[in-house]
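**Q** structure for the following, please:
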Amino acid sequence: MKVLDDLFALLETTEVMKQVMRSLKEEPAYLLGSICREYGSTGQPIPDHHLSLVGYLGEASIRALISAGLVRQQTGSRLALYCYEPTAEGLKYHEGLKASGFYQNR
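**A** Prediction:
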């Protein structure tokens, strides 16, 4: 639909939508960093209550990491519904992000 495409194009020019799109791209990377750092310290899967999964963006971020094969979801422990463990591929991306200085922005 041309009208819908025009509306999307207009909305994408707003600063608010630019920030939303940036967050959609960056949040999974920050979440991967949180999982990998804690996993590096403990060597154990990370309980969900240790992660900041606030609202839809947090939930979408963890689902994206799982779907991309960067994190494995496991059955939770006594205080958690789920636990998350980085895969070898997830750790590789984490190291690359760390080396590039990505995490220094937050």
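**Q** mind checking how far the top helix by length along the chain is from the chain centre?
**A** Identified as the longest helix of the chain according to DSSP state H is helix 15-42. Remark: helix 15-42 is offset 4 Å from the chain centroid, using C-alpha atoms, centre = their mean, to the nearest Å.
**Q** list the buried ones in that helix?
**A** Residues 27-36, 38-39 are the ones in helix 15-42 that count as buried (16 or more other C-beta atoms under 10 Å). Where C-beta positions appear, they are placed from N, C-alpha and C, glycine not excepted.
**Q** helices of this structure, start to end?
**A** Counting by DSSP H, the helices of the chain are 2-12, 15-42, 55-67, 88-100.
**Q** got the CA positions of the first one in CSV?
**A** Think helix 2-12. Output in CSV follows, covering the C-alpha atoms of helix 2-12 (Å, rounded to 0.1, in the frame of the first residue of the first chain):
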residue,chain,number,x,y,z
LYS,A,2,1.5,3.3,-1.0
VAL,A,3,-0.1,5.2,1.8
LEU,A,4,1.3,2.8,4.4
ASP,A,5,4.8,3.0,2.7
ASP,A,6,4.6,6.8,2.8
LEU,A,7,3.7,6.7,6.4
PHE,A,8,6.6,4.4,7.3
ALA,A,9,9.0,6.6,5.3
LEU,A,10,7.8,9.7,7.2
LEU,A,11,8.0,8.0,10.6
GLU,A,12,11.5,6.7,9.9
